[in-house]
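In: one predicted model, sequence on top.
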Amino acid sequence: MKKYISPGLLAFFFLLSAIGHYARFPATLEFIVSAVAVIFVAGFLGKATESVAHYAGQRLGGFLNATFGNAAELIIGVLLIREGLFDMVKASITGSIIGNLLLVLGLSLFAGGLKHKVQRYNVTLAGMNGSLMIVAIIALFVPAIFLNTHVLHEEDRNSVSLVVAGILIAAYLLWLVFSMITHKKILADVADNAQEELPHEHPPAWSKQRSILYLVLATVMVAFVSEWLVHTLDTFTARFGLSEIFVGAFVVAIVGNAAEHSAAIMLAIKNKIGAAVEIAVGSSLQIALFVAPVMIFISHLIGRPMDIVFTVVELAAIGVSVFIAKSITQDGQTNWYEGLLLIAVYCILGYSFYLV
């Protein structure tokens, strides 16, 4: 683990972030401390993910990282729902989707492409991911269009949200069955099919059991630090004059996905592009098809019903992100310039959101 991060610094910044939260440090100082703690904890999660991926294969390892990383996103979303901040929740969902498809995937392709001229992964999986992203777009567009054009009545808002959310959850669970069980070999990563270790690759630092334990521990730490950071956002937003939609779509989303950022980039540099793509694209799909719909059901259970109707700006951002990500990843091979294109689109959206 020394190659990635010092355990002493990890523990120090995690404890300092906890002290800052409970001892009520000044909001700006608490924000900085928590942000640094997130970086260190994300590095720990990336190391644990890489170790798990060695035993489970790149696809399953990437799926586990996306799932554990999105646990923090779900926790943050539920906390915001309890406060009635639905606009920020939807903005954070939007930010998570476009952040993973553009920033995480873009940085991964760029960093991996600088070291490896061309990186390849399963082209069949790339096509399936593209189709699923389009389904997610349709599921978000249809309720918004039908309600905003008054084809549906306002009293149908909650019912259509629950039905669409239920369908998306069922589709995602069946996708897991399809990709992990019935068609596992067809969708296996190129490196997994080769079944040979690269000459420069080192054995994992931890045993299988310890890797899983550390993965769970790192996820819990990410969830805590992310929650502490969220509590500083109101003051941070007011001090720097940022809009709620920008904070939700970019600040909260980047913090909530910090784990995926570091893990995907490290794996891409090691030429494990299959796992990096699974983390970035798989995380976006999981947010759109599972986490967001689950938030809809949770909001009704806790008596704070939230609908699945997004604004035109949010839908446009998601649509643009899906279009460029699908265009770049559909051929099953990547290079650094394609990563740069994704980052460019992210910067365009980021500045546009900043001006809102």
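Out: That came in fine, so what should we check first? Computed from a predicted structure; not experimentally measured.
In: can you give me the strands for this structure?
Out: 119-120, 333-334 (DSSP state E).
In: what about the nearest residue to residue 14 once chain neighbours are set aside, neighbour count?
Out: With C-beta to C-beta, 6 or more residues apart in numbering as the measure, residue 37 is the residue that lies nearest to residue 14, at 5.4 Å, once sequence neighbours are left out. Any C-beta I mention is one placed from the backbone N, CA and C, and that applies to glycine too. For residue 37, the tally of surrounding residues (other C-beta atoms under 10 Å) stands at 28.
In: next one: residue 132
Out: Residue 132 has 22 neighbours, counted by other C-beta under 10 Å.
In: now residue 115
Out: When neighbours are defined as other C-beta under 10 Å, residue 115 has 12 of them.
In: the residue lying closest to it once chain neighbours are set aside and residue 114, how far apart?
Out: Nearest residue to residue 115, sequence neighbours excluded (C-beta to C-beta, 6+ apart): residue 269, at 5.7 Å. Here the distance between residue 269 and residue 114 works out to 8 Å (C-beta to C-beta, to the nearest Å).
In: who touches stretch 324-336?
Out: The set of residues external to stretch 324-336 that reach it, using C-beta atoms under 8 Å, 6 or more residues apart in numbering, is 101-102, 105, 109-114, 117-123, 125-127, 129-130, 133-134, 273, 277, 281, 284, 338, 341-342, 345.
In: circling back to that earlier point, residue 269 and residue 114: which has the busier surroundings?
Out: Neighbour comparison, residue 269 and residue 114: the larger count goes to residue 269, with 17 against 13 (by other C-beta under 10 Å).
In: residues touching the more buried one, list them.
Out: Applying C-beta under 8 Å, 6+ apart, the residues near residue 269 are 111, 112, 115.
In: now with 10 Å, please.
Out: Contacts here follow C-beta atoms under 10 Å, 6 or more residues apart in numbering; on that basis residue 269 touches 108, 111, 112, 113, 114, 115, 116, 276.
In: per-residue pLDDT of residue 57, please?
Out: In the predicted model, residue 57 carries a pLDDT score of 69.
In: how many neighbours does the closest residue to residue 232 other than its chain neighbours have?
Out: The shortest distance from residue 232 to any non-neighbouring residue, by C-beta to C-beta, 6+ apart, is to residue 31 (4.2 Å). Using other C-beta under 10 Å as the criterion, residue 31 is surrounded by 22 other residues.
In: how much space separates residue 31 from residue 218?
Out: Per C-beta to C-beta, residue 31 is found 21 Å from residue 218.
In: residue 100 now?
Out: For residue 100, the distance to residue 218 (C-beta to C-beta) stands at 18 Å.
In: cool, residue 275 as well?
Out: 16 Å.
In: more neighbours: these two, which one.
Out: For residue 275 and residue 218, the more surrounded residue by other C-beta under 10 Å is residue 275, and the numbers stand at 33 against 25.
In: looks like the more buried one contacts residue 63 (just checking).
Out: Yes: taking C-beta atoms under 10 Å as the definition, residue 275 is a contact partner of residue 63 at 9.1 Å.
In: pLDDT below threshold where in the stretch 251-356 of the chain?
Out: Regions of the stretch 251-356 of the chain meeting the criterion pLDDT under 70 cover residues 252-253, 255-260.
In: 50 instead?
Out: By pLDDT under 50, the stretch 251-356 of the chain contains no weakly predicted segment.
In: quick one on the thing from earlier: just put the strands of the chain in JSON lines and tack on distance to residue 327.
Out: Shown next, in JSON lines, are those (distance: least, C-beta to C-beta, whole Å):
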{"stretch": "strand 119-120", "distance to residue 327": "17"}
{"stretch": "strand 333-334", "distance to residue 327": "12"}
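In: got a markdown table for those, with distance to residue 150 and mean neighbour count too?
Out: Listed next are those as a markdown table, based on distance: least, C-beta to C-beta, whole Å; neighbours: other C-beta atoms under 10 Å:
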| stretch | distance to residue 150 | mean neighbour count |
| --- | --- | --- |
| strand 119-120 | 48 | 20 |
| strand 333-334 | 44 | 20 |
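In: picking that back up, and the residue nearest to residue 232, how far from residue 91?
Out: The spacing between residue 31 and residue 91, counted by C-beta to C-beta, is 18 Å.
In: repeat for residue 228
Out: Distance, residue 228 to residue 91, by C-beta to C-beta: 20 Å.
In: which one's more surrounded, the two?
Out: Looking at residue 228 and residue 91 with other C-beta under 10 Å, you find the greater number of neighbours at residue 91, namely 30 against 21.
In: so what's the residue count around the closest residue to the more buried one other than its chain neighbours?
Out: Distance criterion C-beta to C-beta, 6+ apart; nearest residue to residue 91, sequence neighbours excluded, is residue 248 at 2.8 Å. Residue 248 is surrounded by 27 other residues when neighbours are defined as other C-beta under 10 Å.
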